[in-house]
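Student: output the structure for:
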Amino acid sequence: MRGICVVFQWFAAALAMVVAAAPAAAQTVYSDRATFTAATNTTTTILFDTAFEGSFTSHGPTYTVAGATFTDTEINTLDQAYLLLAAGTQYGSDYLQWQGSDPQVLTVSFASAVTAVGFDFMEVRANSIPFTFTISGNSTTVASGASPSFFGYTSNTPFSTLIISSPHSNSFFATLDNFQYGIAIGTVPEPTTWAMMLLGFAGIGVAMRRRQRALPTQRRTPQDCDGLATTA
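Tutor: Numbers count the residues shown, from 1 in each chain. Coordinates of the predicted model:
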């Protein structure tokens, strides 16, 4: 009985430590790729390089590649939402362009939850327009420039969706390239990982209880678990 009590006291202490040590959600926004790269590992890179039919290839409203799905979210049905893989000199390579209603909204969904995402962005004609990036309810707005700008984001809370919005007109066309996503360095375990750890402790306790029941029956006092009293 003493062994069982010790295990359950250990389990209770571990649970208290998990609750006390769980950090509050924290996010970091980056404006340069080097700093972002230093804060991440296990990243996947999407360059959008492909063979083109003429100057671009239209993929309709959705394009999926390397575990990420890019969806041009149509708000105004008077405009047609679609994605383009376009060739040009803006990024020195091919890039992804989306266009539709005002605002233009691109939703990026990840097949598995991540804690880091970063990419270059700009308006294709080098106009300065605001890009708003929203992850887990946190929004950051950055103005594009005459050359590609960088947006990076890390969090200690996993996320699976990124939303990018920008104004639309006949002169504004949002683009991005060199898209990376993955896991930030030092990310804490997910809640499900903590749950699995605690279930493991519980399993040990159950196993010891079954073992105890298999031993010869002993008369126990009510204070066994409180005071670890010996049997009479």
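Student: can you list contacts of stretch 33-45?
Tutor: Contact with stretch 33-45 is made by 28, 30, 66-68, 116, 118, 120, 150, 152, 154, 178-185, as judged by Cβ atoms under 8 Å, 6 or more residues apart in numbering. Placement of C-beta: from N, CA and C, glycine included.
Student: buried ones in it?
Tutor: Buried residues in stretch 33-45, defined by neighbour count with 16 or more other Cβ atoms under 10 Å: 33, 36, 39-40, 43.
Student: and which of these is nearest to Pro158?
Tutor: Nearest to Pro158 among these, counting by Cβ to Cβ, is Thr40 at 13.5 Å.
Student: still on that earlier bit, give me the subset of the contacts of stretch 33-45 lying in strands.
Tutor: The members of those that map onto strands under DSSP state E are 28, 30, 68, 116, 118, 120, 150, 152, 154, 178-184.
Student: now, of these, which are buried?
Tutor: 30, 68, 116, 118, 120, 150, 152, 154, 178-184.
Student: could you work out the most separated pair of those?
Tutor: Greatest spatial distance in these: Asp120 and Ile183, 20.6 Å, computed using Cβ to Cβ.
Student: quick revisit: list just the nearest of the ones in strands among the contacts of stretch 33-45 to Asp49.
Tutor: Asp49 lies nearest to Asn178 out of the ones in strands among the contacts of stretch 33-45, by Cβ to Cβ, at 10.4 Å.
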